[in-house]
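Colleague: requesting a structural model of the entry that follows:
(chains A and B)
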Number of protein chains: 2
Amino acid sequence: MPHTVWACACVFWTPWANPARLARCQSCQSRAAFRMLRRSELASKCDILTLEVEHVNAQALEELHLKGVPVQPLPFVVKLIQDKYDQKVHLQKHRIPLPDFLKVDSEAELHEIGEKFGYPMMLKSRFGAYDGKGNAVVSDAASIPAAWEKLGGKAGKKLYVEKWAPFKMELAVMVARGVDETMNVTMRTYPVVHTVQRDSVCFTCLTPPVGVTQKEQELAQKIATDAIKSFGDARGIFGVEMFLLDDGSVLLNEIAPRPHNTGHYTMEACGVDQFEQHLRAVLGLPLGDCHLRVGGAMMVNILGQGSTPELTAQTMAPLRCALRVPDAGIHWYGKDGCVKGRKMGHITVTGFTPASALEQIRPVLKAVDGEGNSSSIEVPHKSSPSVGIIMGSDSDLPTMKDAAVVLDDFGIPYEISIVSAHRTPEYMYEYATTAADRGINVIIAGAGGAAHLPGMVAALTPLPVIGVPVKSSALSGNDSLLSIMQMPKGIPVATVAIGNAANAGLLAVRILGAANPGMRQKMAQFMANEATTVEKKRRKLEQVGWQAYLADSK
Amino acid sequence: MPHTVWACACVFWTPWANPARLARCQSCQSRAAFRMLRRSELASKCDILTLEVEHVNAQALEELHLKGVPVQPLPFVVKLIQDKYDQKVHLQKHRIPLPDFLKVDSEAELHEIGEKFGYPMMLKSRFGAYDGKGNAVVSDAASIPAAWEKLGGKAGKKLYVEKWAPFKMELAVMVARGVDETMNVTMRTYPVVHTVQRDSVCFTCLTPPVGVTQKEQELAQKIATDAIKSFGDARGIFGVEMFLLDDGSVLLNEIAPRPHNTGHYTMEACGVDQFEQHLRAVLGLPLGDCHLRVGGAMMVNILGQGSTPELTAQTMAPLRCALRVPDAGIHWYGKDGCVKGRKMGHITVTGFTPASALEQIRPVLKAVDGEGNSSSIEVPHKSSPSVGIIMGSDSDLPTMKDAAVVLDDFGIPYEISIVSAHRTPEYMYEYATTAADRGINVIIAGAGGAAHLPGMVAALTPLPVIGVPVKSSALSGNDSLLSIMQMPKGIPVATVAIGNAANAGLLAVRILGAANPGMRQKMAQFMANEATTVEKKRRKLEQVGWQAYLADSK
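Modeller: So this is what the prediction gives:
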């Protein structure tokens, strides 16, 4: 068995490889093996050559490929992606939506572009940029010289400019491209993640992204897939980073031809993770399933802290914390020494919903920022409620609040609102059709009289809807009850007793527990407690007699 | 970095290690490193010494431990477990329930024990047994000589006898034992799995085990935990195999002081898998969460096939098959060559329920047995329905069948039965209290008149219960409706329209989809199809006019 391709390709081919440091094999520590293996020799031992970093000698890959060594992704794609400007030109040709961009060769030209694009705009290195290195925000004309200097424009480094994309969120999608047995292309797309950057380095990722509609997610997946389709016969996994704008449109930011930081969550959250998927794709094996096996997943990167190359307690703090978090997958890269800001590992927490993943990862995020700053920590994603409680009128609130009390007792996040079928029909439509996208699992709807809200909402969402017939003054809730319960075949509403919103809350808990043993256990405990309460009353009645019991109850 | 402990411990210490074959490091293929490392030298490089196989030189471990090298699990436990007879004596002392057992030193003694224990009984090797090797079933007195010969009794091998345990199922539980920061013992217990053996080798494991009550599962976990508690300060992960008898009692079969085949499912199904858990336990890190992150998981072992040391297509067939199964985790051990019956890898499939894991793994099981035998394959576990449809009387069946039709359309497994609250109250109690244990996620209950079934069932289970008020002759279902819907605070029933069992089925689908995007997508598709149906009717009415429309409908 030869040494693995992944390690050696990196050692020989990256421009920044330090032979003195990397002359030993990372897995076996022997020097001898490396001295013997040269590029062509290594390639001759491989069934297929692939890579985990795009900043390699693409020319060498091309030569090997021409000599008949299978290389995937194809060398031309690696080369194209190395030059961010060429990458954009290529994608533009294939009608992929992008922020406007222009090549820039001088400070004077940059001023001209500033007039055209407006400020702020992004100055970027065409080659070798990663993790924010090689990017500079040009906030106004006055800051042009500093940005030009910083990115090496004076020293002749090749740069280009991008118009500022006024994004509301950054999204990312992993796309796998393989072949079937007859060499026909097959593609698979992973879920959309919401990524948050800190100092231009990926900080956290959340999936499913809370606050992104199904339509926006599908658009992001389509753009990512279209972009990868433009790479001809190239195989492998690709990370596609995008901007979501306020108007719901999506622009592609950049592409990595390899497993990507925004795909790390797949290790805990998906049937087949991005690393296995990459190998399946380049080897021509069937692509694996990409869907989420969990309700939600959040990843946080662990960056090196402190100014010494020693691993400090501060750098390790999030790991120690994560050891106590259920459903936390802890990944430590075992890098040699510690550099401030360098990616040292990552932690992924999965949950029954995105909200529960967020809730669980909170102490880890605190540990990332250090104990002292803990009060200032903001979780960088919106949390999503599991249950939506809605009612036709604020006059229903004294009844409907009982559902909220139950959910509070069970620790289930909910949202509560007034949605009138008759007075705010457009808002009802919007509420019902977006509920599932917002992470809601169950809707509780209360209404009285001609109580249309529960049934109308049920007609607009695939989620289970629980109806609470609110007691009316005219018919004591009989009207509400029949309006809610007698739904036609096709659209069910789970109706509870008149005015019994507490039971609606408890039914929501049972529904969430249908496939969640932990939640079911909580419900069993609640029922046992209820039994104990009645048991106590029974003993008291038997002990004190009915007269004293009634006198005492007054 | 020295070579890993796990590889080297095995190379030097197992009695069957073949130095010629193992003299190369499995990871770097270099001979040099091995020639230099002797037992004590290796130990001196380790923070802690642990093992992945118990058939090692326990004396050597003991000596290293006495010299101050930390060894976990403790050498005395390794030694105790190596001798199956001593293991049983130890467990018996600690009041762990076991099948009766006796030491045996001669054929004559074996005859005497046969009179006492009855036939069949198990003759077992005290040392070195694994995967059924070292076990012989003694079916009657006449078969004693053959069994004695087979296990080497004549050659002086140490043997013992076990009374036959008339088990209905074999169960297994992984138990982790670690320490907290103040060196107090901490323990965590994984879920119970149902294991099925073929030719005395583990064939499949399913969790949660279908057909095992919650009480039986808790008993198995308690016995496993008690057994590991008996090992003093030993740390690590332990695999505990048990027998479940018809009367619900559980007997311990044997213990492995390491990650175990019956714990492989934890890699896909649990927050922290058995391998990481073992390292956490021996290193004194906090133990990880053991609960299931999925609804169900099934594992199948891939054994070597054919009579040549080459890997045949037959051996590889289950892997090729599993590449196309969503949520299949594929593990290939990369062993050197193929031996018939040897464990070459395993596949774990997870699902929303145990039933869906079973359904998904079916083609892999077929591939294990080869194409030719596919018709004879029986999945070796009971499948579990997701929905229970029950009704008070067979007169409700014409109504309630509509729920079954919907579930068939959505491909959801269900059971259907008659459960009368008034005429079979004991059976109703049994049905409701065991439903969750049997893997049921939702109950649909229909009844008419004084319709107590839905509410009474809801009072006896934490599962969501959907009530269908069946139309009564006296009051047209008004009685049924109020009996079902007007439940007291604490126990909700999700009531649908009178006689509308189809909506009960659809509500069950929505409930299953509350936390399952795939199922939710199916419901959205169903709703879109319904809209199309109405759309067609609308167009027809507009085209042909009301007279023709009505005439055509007749």
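Colleague: alpha carbons only for contacts and neighbour counts from here, please
Modeller: Will do.
Colleague: shouldn't A:Leu98 be in contact with A:Gln92?
Modeller: Yes. Between A:Leu98 and A:Gln92 a contact is recorded at 7.1 Å, counting by Cα atoms under 8 Å.
Colleague: quick one, which of the two is more surrounded?
Modeller: Set A:Leu98 next to A:Gln92 and count neighbours by other Cα atoms under 10 Å in any protein chain shown: A:Leu98 wins out with 20 against 16.
Colleague: would you map the helices across the stretch 301-450 of chain A?
Modeller: Here the stretch 301-450 of chain A has its helices, by DSSP state H, counting those that start in this stretch, at A:313-322, A:354-369, A:397-410, A:425-434.
Colleague: right, so those helices: which one is the most enclosed?
Modeller: helix A:354-369 (a mean of 22; mean count of other Cα atoms under 10 Å in any protein chain shown).
Colleague: can you get me a residue count around A:Ala548?
Modeller: The burial count for A:Ala548: 12, using other Cα under 10 Å.
Colleague: relative to A:Thr532, how far out is it?
Modeller: Distance of A:Ala548 to A:Thr532, computed by Cα to Cα, to the nearest Å: 21 Å.
Colleague: give the contact list for A:Val173.
Modeller: Going by Cα atoms under 8 Å, 6 or more residues apart in numbering or on different chains, A:Val173 touches A:189-193, A:220-221, A:224, A:239-241, A:262-263.
Colleague: ok, longest strand in chain A?
Modeller: For chain A, the longest strand by residue count, based on DSSP state E, is strand A:167-179.
Colleague: may I have that one as PDB, with CA atoms only?
Modeller: Output in PDB follows, covering the C-alpha atoms of strand A:167-179 (Å, rounded to 0.1, in the frame of the first residue of the first chain):
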ATOM      1  CA  PHE A 167     -26.700  40.500   1.600                       C
ATOM      2  CA  LYS A 168     -28.900  39.800   4.500                       C
ATOM      3  CA  MET A 169     -27.400  36.300   5.000                       C
ATOM      4  CA  GLU A 170     -24.600  34.200   3.700                       C
ATOM      5  CA  LEU A 171     -25.600  30.700   2.500                       C
ATOM      6  CA  ALA A 172     -23.700  27.700   1.300                       C
ATOM      7  CA  VAL A 173     -24.500  24.400  -0.400                       C
ATOM      8  CA  MET A 174     -22.300  21.300  -1.000                       C
ATOM      9  CA  VAL A 175     -22.800  19.700  -4.400                       C
ATOM     10  CA  ALA A 176     -21.600  16.300  -5.400                       C
ATOM     11  CA  ARG A 177     -21.000  15.300  -9.000                       C
ATOM     12  CA  GLY A 178     -20.300  11.700 -10.000                       C
ATOM     13  CA  VAL A 179     -21.000   9.200 -12.700                       C
END
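Colleague: following it, which helix or strand comes up?
Modeller: strand A:185-189 (DSSP states H and E).
Colleague: which secondary structure elements does that next one contact?
Modeller: strand A:167-179 (3 or more Cα pairs under 8 Å, 6 or more residues apart in numbering or on different chains; DSSP states H and E).
Colleague: and the strand it packs on, what's buried?
Modeller: In terms of neighbour count (16 or more other Cα atoms under 10 Å in any protein chain shown), strand A:167-179 has its buried residues at A:167, A:169-179.
Colleague: what is the mean pLDDT for that strand?
Modeller: The pLDDT scores in strand A:167-179 average 96.
Colleague: who does that strand pair with, and is each partner parallel or antiparallel?
Modeller: Paired neighbours of strand A:167-179 in the sheet (DSSP bridges): strand A:185-189 (antiparallel), strand A:193-198 (antiparallel), strand A:236-245 (antiparallel).
Colleague: export these to a markdown table and append columns for distance to A:Asp409, mean neighbour count and mean pLDDT.
Modeller: What follows is these, written out as a markdown table (distance: least, Cα to Cα, whole Å; neighbours: other Cα atoms under 10 Å in any protein chain shown; pLDDT from 0 to 100):
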| stretch | distance to A:Asp409 | mean neighbour count | mean pLDDT |
| --- | --- | --- | --- |
| strand A:185-189 | 39 | 17 | 95 |
| strand A:193-198 | 30 | 20 | 92 |
| strand A:236-245 | 37 | 25 | 97 |
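Colleague: out of those strands, nearest to B:Asp247?
Modeller: strand A:185-189 (49.9 Å; Cα to Cα).
Colleague: and that closest one, how far out from the chain middle?
Modeller: 20 Å (Cα atoms, centre = their mean, to the nearest Å).
Colleague: could you give the number of residues near A:Phe468?
Modeller: Heads up, residue A:468 is Val, not Phe. Around A:Val468 there are 36 other residues, counting by other Cα under 10 Å.
Colleague: excluding its backbone neighbours, what's nearest it?
Modeller: With sequence-adjacent residues excluded and distances taken as Cα to Cα, 6 or more residues apart in numbering or on different chains, A:Val468 is closest to A:Gly446, at 4.4 Å.
Colleague: my read is that that neighbour contacts A:Ile390, right?
Modeller: Yes. Look at A:Gly446 against A:Ile390 with Cα under 8 Å: they come within range, at 6.5 Å.
Colleague: so for these two, which sits in the more crowded spot?
Modeller: A:Gly446 (33 against 26).
Colleague: look up the residues forming beta bridges with A:Met169.
Modeller: A:Leu244.
Colleague: quick check: it touching A:His194?
Modeller: Yes. Applying Cα under 8 Å, one finds A:Met169 in contact with A:His194, separated by 7.0 Å.
Colleague: can you pull the contacts of the residue lying closest to A:Gly329 once chain neighbours are set aside?
Modeller: Using Cα to Cα, 6+ apart and skipping the chain neighbours, the partner closest in space to A:Gly329 is A:Thr348 (5.1 Å). Taking Cα under 8 Å, 6+ apart, we find A:Thr348 in contact with A:264-265, A:268, A:297-300, A:328-330.
Colleague: A:Gly248 too?
Modeller: A:Glu216.
Colleague: helix or strand for it, just tell me which one.
Modeller: Element membership of A:Gly248 [criterion: DSSP H and E] is none; it lies in no helix or strand.
Colleague: confirm A:Tyr119 sits in a strand?
Modeller: No. Applying DSSP: H, G, I helix; E, B strand; the rest coil, one finds A:Tyr119 to be coil, outside a strand.
Colleague: so how many other residues sit close to the closest residue in space to A:Tyr427 that isn't next to it in sequence?
Modeller: If the residues on either side of it in the chain are set aside, A:Tyr427 comes closest to A:Val419, at 7.0 Å by Cα to Cα, 6+ apart. Residues lying near A:Val419 (other Cα under 10 Å) number 26.
Colleague: A:Lys215 now?
Modeller: By other Cα under 10 Å, the residues close to A:Lys215 number 12.
Colleague: isn't there a helix covering it?
Modeller: Yes. Counting by three-state DSSP, A:Lys215 is located in a helix.
Colleague: give me the pLDDT for it.
Modeller: 85.
Colleague: for A:Gly178, give its distance to A:Ala281.
Modeller: 4 Å.
Colleague: shared neighbours of those two, anything?
Modeller: Counting by Cα under 8 Å, 6+ apart, the residues touching both A:Gly178 and A:Ala281 are A:235-236, A:287.
Colleague: how near is the nearest residue to A:Leu507 once chain neighbours are set aside to A:Asp408?
Modeller: Leaving aside its sequence neighbours, A:Leu507 sits nearest to B:Pro492 (Cα to Cα, 6+ apart; 5.8 Å). Distance from B:Pro492 to A:Asp408, counting by Cα to Cα: 18 Å.
Colleague: what about A:Gly334, neighbour count?
Modeller: Neighbours of A:Gly334 using other Cα under 10 Å come to 9.
Colleague: you'd agree it is up against A:Met316?
Modeller: No. Between A:Gly334 and A:Met316 there is no contact under Cα under 8 Å: 12.0 Å.
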